[in-house]
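Engineer: here is my input, please return the structure:
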Amino acid sequence: MSAPNGINPNVPHSARVYDYWLGGKDNFEADRRVAEATMAAVPGVRESARNNRAFLGRAVRHLTQLGVRQFLDLGTGIPSQGNVHEVAQAGAPDARVVYVDNDPIVMAHARALLTSTPEGRTAYIEADVRDPQAVLDHPEVREALDFSRPIALMMVAILMHISDEDDPAGIVKAYADAMPSGSYLVLSHLTLDLVTKQIADDYLAATKHQAMHRTPRTGEQIARYFDGFDLIEPGLVPVSQWHDTPLFPDPATWMYAGVGRKR
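Structural biologist: Residues are numbered from 1 along each chain as shown. Here you go, the predicted structure:
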(Lines give C-alpha, C1' and ligand atoms only; values in the text may rest on other atoms or scores of the structure.)
Protein backbone atom coordinates (compact mmCIF):
# COMPACT_ATOMS: atom_id res chain seq x y z
CA MET A 1 0.00 0.00 0.00
CA SER A 2 1.39 3.42 -0.93
CA ALA A 3 1.32 6.15 1.69
CA PRO A 4 -0.93 9.20 1.19
CA ASN A 5 0.50 12.69 1.50
CA GLY A 6 1.38 13.54 5.09
CA ILE A 7 1.85 9.91 6.18
CA ASN A 8 5.25 8.54 7.13
CA PRO A 9 5.06 4.78 6.48
CA ASN A 10 8.16 4.24 8.62
CA VAL A 11 6.36 5.31 11.81
CA PRO A 12 3.93 2.72 13.22
CA HIS A 13 0.40 3.81 14.07
CA SER A 14 -1.98 2.12 16.51
CA ALA A 15 -4.88 2.02 14.02
CA ARG A 16 -2.77 0.22 11.43
CA VAL A 17 -1.25 -2.21 13.95
CA TYR A 18 -4.78 -3.01 15.10
CA ASP A 19 -5.83 -3.43 11.46
CA TYR A 20 -3.07 -6.01 11.02
CA TRP A 21 -4.22 -7.95 14.09
CA LEU A 22 -7.78 -7.99 12.73
CA GLY A 23 -6.55 -9.44 9.44
CA GLY A 24 -6.69 -6.21 7.45
CA LYS A 25 -4.34 -5.06 4.72
CA ASP A 26 -4.22 -1.32 5.36
CA ASN A 27 -0.87 -1.26 7.13
CA PHE A 28 2.84 -0.73 6.41
CA GLU A 29 5.98 -2.70 7.17
CA ALA A 30 6.66 -0.61 10.30
CA ASP A 31 3.17 -1.44 11.60
CA ARG A 32 3.63 -5.13 10.85
CA ARG A 33 6.98 -5.22 12.65
CA VAL A 34 5.44 -3.75 15.80
CA ALA A 35 2.42 -6.05 15.52
CA GLU A 36 4.53 -9.18 15.08
CA ALA A 37 6.98 -8.21 17.83
CA THR A 38 4.12 -7.61 20.23
CA MET A 39 2.48 -10.91 19.27
CA ALA A 40 5.75 -12.74 19.89
CA ALA A 41 6.11 -11.24 23.37
CA VAL A 42 2.46 -11.01 24.36
CA PRO A 43 0.43 -14.24 24.23
CA GLY A 44 -3.10 -13.68 23.00
CA VAL A 45 -2.77 -10.06 21.90
CA ARG A 46 -4.28 -10.75 18.47
CA GLU A 47 -7.15 -12.74 19.99
CA SER A 48 -7.72 -9.95 22.49
CA ALA A 49 -7.92 -7.40 19.65
CA ARG A 50 -10.52 -9.52 17.90
CA ASN A 51 -12.52 -10.02 21.07
CA ASN A 52 -12.36 -6.26 21.60
CA ARG A 53 -13.84 -5.74 18.13
CA ALA A 54 -16.59 -8.23 18.95
CA PHE A 55 -17.32 -6.33 22.19
CA LEU A 56 -17.85 -3.15 20.20
CA GLY A 57 -20.51 -4.88 18.11
CA ARG A 58 -22.27 -6.39 21.11
CA ALA A 59 -22.32 -3.06 22.95
CA VAL A 60 -23.74 -1.18 19.97
CA ARG A 61 -26.43 -3.82 19.41
CA HIS A 62 -27.34 -3.72 23.11
CA LEU A 63 -27.64 0.06 23.12
CA THR A 64 -29.79 0.18 19.99
CA GLN A 65 -32.09 -2.29 21.72
CA LEU A 66 -32.26 0.17 24.62
CA GLY A 67 -33.34 2.91 22.22
CA VAL A 68 -30.03 4.73 21.62
CA ARG A 69 -29.90 6.25 18.14
CA GLN A 70 -26.76 8.43 18.30
CA PHE A 71 -23.12 7.35 18.51
CA LEU A 72 -19.90 9.36 18.74
CA ASP A 73 -17.03 6.97 17.96
CA LEU A 74 -13.66 8.32 19.12
CA GLY A 75 -10.50 6.78 17.67
CA THR A 76 -12.42 5.00 14.95
CA GLY A 77 -9.60 2.98 13.47
CA ILE A 78 -9.46 1.62 9.96
CA PRO A 79 -12.87 0.30 8.85
CA SER A 80 -13.32 -3.43 9.33
CA GLN A 81 -16.30 -5.76 9.53
CA GLY A 82 -18.96 -4.70 12.00
CA ASN A 83 -18.40 -0.95 12.02
CA VAL A 84 -20.53 1.06 14.46
CA HIS A 85 -22.95 2.42 11.87
CA GLU A 86 -23.40 -1.02 10.25
CA VAL A 87 -24.31 -2.63 13.56
CA ALA A 88 -26.46 0.26 14.77
CA GLN A 89 -28.35 0.79 11.50
CA ALA A 90 -28.99 -2.94 11.08
CA GLY A 91 -31.22 -2.71 14.14
CA ALA A 92 -32.19 0.96 13.87
CA PRO A 93 -31.96 2.34 10.32
CA ASP A 94 -32.37 5.90 11.62
CA ALA A 95 -29.25 5.70 13.81
CA ARG A 96 -26.73 8.54 13.45
CA VAL A 97 -22.98 7.97 13.83
CA VAL A 98 -20.00 10.33 13.85
CA TYR A 99 -16.52 8.84 13.47
CA VAL A 100 -13.47 10.72 14.80
CA ASP A 101 -9.82 9.89 14.09
CA ASN A 102 -6.61 11.79 13.43
CA ASP A 103 -5.06 9.43 10.86
CA PRO A 104 -5.61 10.52 7.24
CA ILE A 105 -5.50 6.86 6.16
CA VAL A 106 -8.38 6.07 8.51
CA MET A 107 -10.38 9.01 7.20
CA ALA A 108 -9.73 8.14 3.56
CA HIS A 109 -11.09 4.65 4.10
CA ALA A 110 -13.95 5.91 6.25
CA ARG A 111 -15.19 8.27 3.58
CA ALA A 112 -14.94 5.57 0.92
CA LEU A 113 -16.48 2.69 2.86
CA LEU A 114 -18.72 3.94 5.67
CA THR A 115 -22.00 4.79 3.98
CA SER A 116 -25.23 5.42 5.85
CA THR A 117 -28.75 4.17 5.39
CA PRO A 118 -31.09 6.76 3.83
CA GLU A 119 -32.92 7.14 7.14
CA GLY A 120 -29.78 7.63 9.24
CA ARG A 121 -26.60 9.64 9.06
CA THR A 122 -22.88 8.85 9.03
CA ALA A 123 -20.27 11.58 9.34
CA TYR A 124 -16.48 11.54 9.69
CA ILE A 125 -14.15 14.18 11.05
CA GLU A 126 -10.38 14.27 11.22
CA ALA A 127 -9.55 15.53 14.71
CA ASP A 128 -7.55 14.74 17.83
CA VAL A 129 -9.75 13.09 20.46
CA ARG A 130 -7.54 14.72 23.12
CA ASP A 131 -9.16 18.04 22.20
CA PRO A 132 -12.79 17.49 23.22
CA GLN A 133 -13.86 21.06 22.55
CA ALA A 134 -12.63 20.96 18.97
CA VAL A 135 -14.47 17.68 18.40
CA LEU A 136 -17.67 18.78 20.12
CA ASP A 137 -17.74 22.15 18.34
CA HIS A 138 -17.05 20.69 14.91
CA PRO A 139 -19.90 21.62 12.53
CA GLU A 140 -20.24 18.04 11.26
CA VAL A 141 -20.68 16.79 14.82
CA ARG A 142 -23.25 19.48 15.64
CA GLU A 143 -25.14 18.83 12.43
CA ALA A 144 -25.23 15.04 12.83
CA LEU A 145 -25.93 14.72 16.57
CA ASP A 146 -28.64 16.22 18.76
CA PHE A 147 -27.03 16.93 22.14
CA SER A 148 -30.42 17.23 23.81
CA ARG A 149 -30.93 13.47 23.29
CA PRO A 150 -28.87 10.52 24.59
CA ILE A 151 -25.60 9.78 22.81
CA ALA A 152 -23.36 6.72 23.11
CA LEU A 153 -19.76 7.85 23.56
CA MET A 154 -17.57 5.10 22.09
CA MET A 155 -14.06 4.97 23.60
CA VAL A 156 -13.08 1.46 22.59
CA ALA A 157 -9.34 0.79 23.03
CA ILE A 158 -8.48 4.48 22.71
CA LEU A 159 -7.66 5.75 26.22
CA MET A 160 -4.72 3.35 26.50
CA HIS A 161 -3.04 5.42 23.78
CA ILE A 162 -3.44 8.61 25.83
CA SER A 163 -0.73 9.26 28.42
CA ASP A 164 -1.42 10.33 31.98
CA GLU A 165 0.13 13.72 31.15
CA ASP A 166 -2.77 14.34 28.75
CA ASP A 167 -5.31 13.69 31.55
CA PRO A 168 -7.48 10.91 30.08
CA ALA A 169 -9.99 11.21 32.93
CA GLY A 170 -10.41 14.90 32.17
CA ILE A 171 -10.90 14.11 28.50
CA VAL A 172 -13.66 11.61 29.28
CA LYS A 173 -15.33 14.10 31.61
CA ALA A 174 -15.25 16.87 28.99
CA TYR A 175 -17.11 14.69 26.50
CA ALA A 176 -19.50 13.34 29.13
CA ASP A 177 -20.36 16.82 30.41
CA ALA A 178 -21.57 17.78 26.93
CA MET A 179 -24.05 14.90 26.84
CA PRO A 180 -27.44 14.66 28.51
CA SER A 181 -28.52 12.27 31.24
CA GLY A 182 -29.30 8.87 29.78
CA SER A 183 -26.26 8.92 27.50
CA TYR A 184 -23.82 6.01 27.59
CA LEU A 185 -20.06 5.48 27.78
CA VAL A 186 -18.74 2.39 25.97
CA LEU A 187 -15.14 1.75 26.97
CA SER A 188 -12.45 -0.90 26.74
CA HIS A 189 -8.88 -0.55 27.95
CA LEU A 190 -5.59 -2.40 28.16
CA THR A 191 -4.80 -3.83 31.60
CA LEU A 192 -2.18 -6.06 33.21
CA ASP A 193 -4.53 -7.09 36.04
CA LEU A 194 -5.67 -10.25 34.29
CA VAL A 195 -2.30 -11.82 33.44
CA THR A 196 0.47 -13.29 35.59
CA LYS A 197 3.29 -11.09 36.84
CA GLN A 198 5.75 -12.86 34.54
CA ILE A 199 3.57 -12.20 31.48
CA ALA A 200 3.08 -8.59 32.58
CA ASP A 201 6.84 -8.13 33.01
CA ASP A 202 7.46 -9.67 29.59
CA TYR A 203 4.93 -7.30 28.04
CA LEU A 204 6.48 -4.22 29.63
CA ALA A 205 9.97 -5.27 28.54
CA ALA A 206 8.83 -5.99 24.98
CA THR A 207 6.99 -2.70 24.51
CA LYS A 208 9.28 -0.37 26.46
CA HIS A 209 11.09 0.96 23.41
CA GLN A 210 8.30 0.75 20.85
CA ALA A 211 7.43 4.00 19.12
CA MET A 212 3.71 3.38 19.57
CA HIS A 213 2.57 4.50 23.01
CA ARG A 214 0.30 2.34 25.17
CA THR A 215 -0.48 2.77 28.87
CA PRO A 216 -1.94 -0.27 30.65
CA ARG A 217 -4.07 0.67 33.64
CA THR A 218 -5.60 -1.19 36.57
CA GLY A 219 -9.28 -2.02 36.89
CA GLU A 220 -9.52 0.58 39.66
CA GLN A 221 -8.07 3.27 37.41
CA ILE A 222 -10.30 2.30 34.50
CA ALA A 223 -13.40 2.28 36.70
CA ARG A 224 -12.78 5.96 37.53
CA TYR A 225 -13.50 6.86 33.91
CA PHE A 226 -17.09 5.90 34.68
CA ASP A 227 -17.49 8.59 37.35
CA GLY A 228 -20.96 10.05 36.81
CA PHE A 229 -22.11 6.85 35.09
CA ASP A 230 -23.81 3.73 36.43
CA LEU A 231 -22.21 0.60 35.01
CA ILE A 232 -24.81 -1.67 33.46
CA GLU A 233 -24.60 -5.44 33.84
CA PRO A 234 -22.23 -7.24 33.92
CA GLY A 235 -20.09 -4.27 35.04
CA LEU A 236 -16.39 -3.84 34.26
CA VAL A 237 -15.26 -7.27 33.10
CA PRO A 238 -12.72 -8.94 30.78
CA VAL A 239 -13.58 -7.81 27.27
CA SER A 240 -14.58 -11.26 26.05
CA GLN A 241 -17.06 -11.69 28.91
CA TRP A 242 -19.23 -8.62 28.32
CA HIS A 243 -22.65 -10.10 27.47
CA ASP A 244 -21.16 -13.14 25.77
CA THR A 245 -18.61 -15.91 25.73
CA PRO A 246 -15.30 -15.38 23.92
CA LEU A 247 -15.45 -15.36 20.15
CA PHE A 248 -11.72 -16.13 20.11
CA PRO A 249 -10.40 -18.05 23.15
CA ASP A 250 -7.75 -15.94 24.87
CA PRO A 251 -4.43 -17.47 25.95
CA ALA A 252 -4.31 -14.36 28.16
CA THR A 253 -6.76 -11.54 28.79
CA TRP A 254 -5.48 -8.01 28.18
CA MET A 255 -8.59 -5.84 28.16
CA TYR A 256 -11.32 -4.67 30.51
CA ALA A 257 -14.61 -3.51 29.05
CA GLY A 258 -17.74 -1.85 30.38
CA VAL A 259 -20.76 0.25 29.48
CA GLY A 260 -22.15 2.93 31.78
CA ARG A 261 -25.31 5.06 31.72
CA LYS A 262 -24.96 8.75 32.59
CA ARG A 263 -26.91 9.76 35.67
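
Engineer: identify the bridge partners of residue 231.
Structural biologist: Here residue 231 sits in beta bridges with residue 260, going by DSSP bridges.

Engineer: and for it, the neighbour number?
Structural biologist: Applying the criterion other CB atoms under 10 Å, we find 15 residues in the vicinity of residue 231. From N, CA and C alone the C-beta is placed, and that goes for glycine too.

Engineer: same deal with the one 5 residues further on?
Structural biologist: When neighbours are defined as other CB under 10 Å, residue 236 has 21 of them.

Engineer: quick one: low-confidence ranges for the stretch 1-150 of the chain?
Structural biologist: In the predicted model of the stretch 1-150 of the chain, residues 1-7, 79-81, 111-114 satisfy pLDDT under 70.

Engineer: show me where it has its strands.
Structural biologist: Along the stretch 1-150 of the chain, the stretches classed as strands by DSSP state E, counting those that start in this stretch are 70-74, 96-101, 121-126.

Engineer: what's the closest of those strands to residue 191?
Structural biologist: Set against residue 191 and scored by CB to CB, these come closest in strand 70-74, at 19.2 Å.

Engineer: list the strands paired with the closest one, with their directions.
Structural biologist: Strand 70-74 has the following strand partners under DSSP bridges: strand 96-101 (parallel), strand 152-156 (parallel).

Engineer: tell me which of these is the most buried.
Structural biologist: Looking across those with neighbours counted as mean count of other CB atoms under 10 Å, the highest average goes to strand 96-101: a mean of 26.

Engineer: what would the strands of the stretch 1-150 of the chain look like in CSV with distance to residue 137?
Structural biologist: Rendered in CSV, the data for these read as follows (distance: least, CB to CB, whole Å):
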stretch, distance to residue 137
strand 70-74, 13
strand 96-101, 13
strand 121-126, 11
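
Engineer: which stretch among these comes nearest residue 30?
Structural biologist: Shortest distance between residue 30 and those, using CB to CB, is found for strand 96-101: 18.4 Å.

Engineer: re earlier: could you dump the strands paired with strand 70-74 to JSON lines with distance to residue 69?
Structural biologist: What follows is the strands paired with strand 70-74, written out as JSON lines (distance: least, CB to CB, whole Å):
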{"stretch": "strand 96-101", "distance to residue 69": "6"}
{"stretch": "strand 152-156", "distance to residue 69": "9"}
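
Engineer: out of the ones you listed, which comes closest to residue 108?
Structural biologist: That would be strand 96-101 among these, by CB to CB, at 10.5 Å.

Engineer: now for the strands paired with strand 70-74, which one comes closest to residue 129?
Structural biologist: Go through the strands paired with strand 70-74 one by one with CB to CB and the one that ends up closest to residue 129 is strand 96-101, at 5.9 Å.

Engineer: now the angle from the closest one to strand 121-126?
Structural biologist: Strand 96-101 and strand 121-126 meet at an angle of 20 degrees, taking axes from the mean of the first three to the mean of the last three CA atoms, to 10 degrees as the criterion.

Engineer: contacting residues around strand 96-101?
Structural biologist: Outside strand 96-101, the residues within contact range by CB atoms under 8 Å, 6 or more residues apart in numbering are 15, 69-77, 84-85, 88-89, 107, 110, 114, 116, 120-127, 129, 135, 140-141, 144-145.

Engineer: one more time with 7 Å
Structural biologist: Applying CB atoms under 7 Å, 6 or more residues apart in numbering, the external contacts of strand 96-101 come out as 15, 69-77, 84-85, 88, 107, 110, 114, 120-127, 129, 135, 140-141, 144-145.
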